[in-house]
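Trainee: what's the 3D shape of this:
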Amino acid sequence: MTLNCALTFDFDAMSVWLGSYKSRNPSMISRGEFGAIAVPRILSLLKKHRIKATFCIPGHTALAYPDIVKKIDAEGHEIAHHGWVHENPADFDEAGERFNIEKGLECLKKAAGVTPKGYRSPSWDFSDRTIKILLDYGFVYDSSLMGADFTPYYARIDDGFDSVSPYRFGPNVDLVELPVTWLLDDFPHFEFVDKDTYGLSASSKVEEIWTDEFTYARKNVKGGLFSLTMHPQVIGRGHRLMMLERLINKFKRARDVKFTTMLAYAQGWRKANPLDKWKASGAPQAQSACGRDRL
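Mentor: Numbering: from 1, shown residues only. Sure, this is the predicted structure:
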């Protein structure tokens, strides 16, 4: 079986500094502007290698750079929802969280005429309502959780947890989870934010880590998904783009590897693994009520 490889780019632009970091410092916010410089470089690289990628875009970015978002769509790449202004969903009540989802959808529709079927939460943060809200808005997949590495699973709702009781698993629902990890994200490796993130690693270090993770997945998780999370304002620096192209060439040399968008993979996996059949398969993330009762 083939290992699927997804290159994903979180085009945050200024929103990450305004939303996640809550900065009002013009210098820090200007760091996001480099994303608009980097996206054309990334699109050129993808076109050269005939690869379709997934771009996760906040609504705020879509309004700031509609022409770039249109170009991403016009070149055949998937656009996924990435919040309104890179906010933490847990910072809002239900009405506020729904507003942010709707605002993001509205802005992406306005900028490029697209209605995303995939979601990635800003900074991979969730509230206890997020999955239910995604179902209400018809999303096919989420890519924010970390319950696996290269194997998708169906997300759950209504898990119960505290510091004194056994963990209580809720029911799986029809939302494909394409798991992520900070290990395969460029931001902690490369970015520098005082009192927060001290990256600035050599690209050779990151190339070694990502290559070995890819090799492990290829040898041990056939049919799985190896996905990289990258940010144009981070990966778009010259020496890092050179690293990315070296990785692409390595991945392409493996004949049992196929590049894919997140949506295409999620749709194929969902079709091959209907929810009821998957729950009966005994996957670690499928926790039946009767199984919990036996504990």
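
Trainee: confidence score at residue 77?
Mentor: The model reports residue 77 with a pLDDT of 98.

Trainee: Name the nearest residue to it, ignoring sequence neighbours.
Mentor: Nearest-residue entry for residue 77: residue 53, 5.1 Å, with adjacent residues in sequence omitted and distances by C-beta to C-beta, 6 or more residues apart in numbering. C-beta: built from backbone N, CA, C; applies to glycine.

Trainee: wait, what's in contact with the one you found?
Mentor: If you count contacts by C-beta atoms under 8 Å, 6 or more residues apart in numbering, residue 53 has them with 6-9, 42, 46, 77-78, 261.

Trainee: Where do the helices of the chain begin and end?
Mentor: Remark: helices assigned in the chain by DSSP state H are 15-18, 26-30, 34-48, 59-64, 66-74, 94-112, 130-136, 186-190, 203-220, 232-235, 238-253, 262-272, 275-279, 289-293.

Trainee: With distance to residue 156 and mean neighbour count added, can I get the ones you listed in CSV?
Mentor: Conversion of those to CSV gives the following (distance: least, C-beta to C-beta, whole Å; neighbours: other C-beta atoms under 10 Å):
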stretch, distance to residue 156, mean neighbour count
helix 15-18, 28, 26
helix 26-30, 37, 12
helix 34-48, 33, 17
helix 59-64, 27, 25
helix 66-74, 32, 18
helix 94-112, 18, 18
helix 130-136, 7, 18
helix 186-190, 26, 21
helix 203-220, 24, 15
helix 232-235, 31, 26
helix 238-253, 31, 15
helix 262-272, 16, 18
helix 275-279, 11, 14
helix 289-293, 12, 9
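
Trainee: who wins for proximity to residue 175 among those helices?
Mentor: Set against residue 175 and scored by C-beta to C-beta, the helices of the chain come closest in helix 130-136, at 5.9 Å.

Trainee: re earlier: for the residue nearest to residue 77, give me phi and psi.
Mentor: Here is the backbone geometry of residue 53 (degrees, to the nearest 10): phi -120, psi 180.

Trainee: Could you do residue 25 as well?
Mentor: The phi/psi pair for residue 25 (degrees, to the nearest 10) is phi -90, psi 110.

Trainee: one step back: please tell me how far the residue nearest to residue 77 sits from residue 173.
Mentor: Relative to residue 173, residue 53 is positioned 27 Å away (C-beta to C-beta, to the nearest Å).

Trainee: same check, this time on residue 59
Mentor: Taking C-beta to C-beta as the measure, residue 59 falls 25 Å from residue 173.

Trainee: Then residue 10?
Mentor: As for residue 10, its distance to residue 173 is 25 Å (criterion: C-beta to C-beta).

Trainee: Those two: which has the busier surroundings?
Mentor: Set side by side, residue 10 and residue 173 show unequal neighbour counts under other C-beta atoms under 10 Å, the larger going to residue 10 at 30 against 16.

Trainee: ok, that one - contacts?
Mentor: 55-57, 82, 120, 229-231.

Trainee: Scan those residues and report the most crowded one.
Mentor: Looking at the contacts of residue 10 with neighbours defined as other C-beta under 10 Å, the largest count falls to residue 57 at 32 neighbours.

Trainee: Identify all residues paired with that one through a beta bridge.
Mentor: In this structure, residue 57 has beta-bridge partners residue 81, where bridges are defined by DSSP bridges.

Trainee: separation between it and residue 258?
Mentor: Here the distance between residue 57 and residue 258 works out to 24 Å (C-beta to C-beta).

Trainee: for residue 227, same thing?
Mentor: Between residue 227 and residue 258 the distance is 13 Å, computed by C-beta to C-beta.

Trainee: Quick check: neighbours shared by those two?
Mentor: Counting by C-beta under 8 Å, 6+ apart, the residues touching both residue 227 and residue 258 are residue 5.

Trainee: Settle it for me: which of these two has more neighbours?
Mentor: Of the pair residue 227 and residue 258, residue 227 is the one with more neighbours under other C-beta under 10 Å, namely 24 against 14.

Trainee: ok, what's across the strand from the more buried one?
Mentor: Taking DSSP bridges, one finds residue 6 as the beta-bridge partners of residue 227.

Trainee: The closest residue to residue 19 other than its chain neighbours - how many residues pack around it?
Mentor: Closest residue in space to residue 19, ignoring its immediate chain neighbours: residue 86 at 3.4 Å, by C-beta to C-beta, 6+ apart. Residue 86 is surrounded by 27 other residues when neighbours are defined as other C-beta under 10 Å.

Trainee: repeat for residue 224
Mentor: Taking other C-beta under 10 Å as the criterion, the count of residues near residue 224 is 21.
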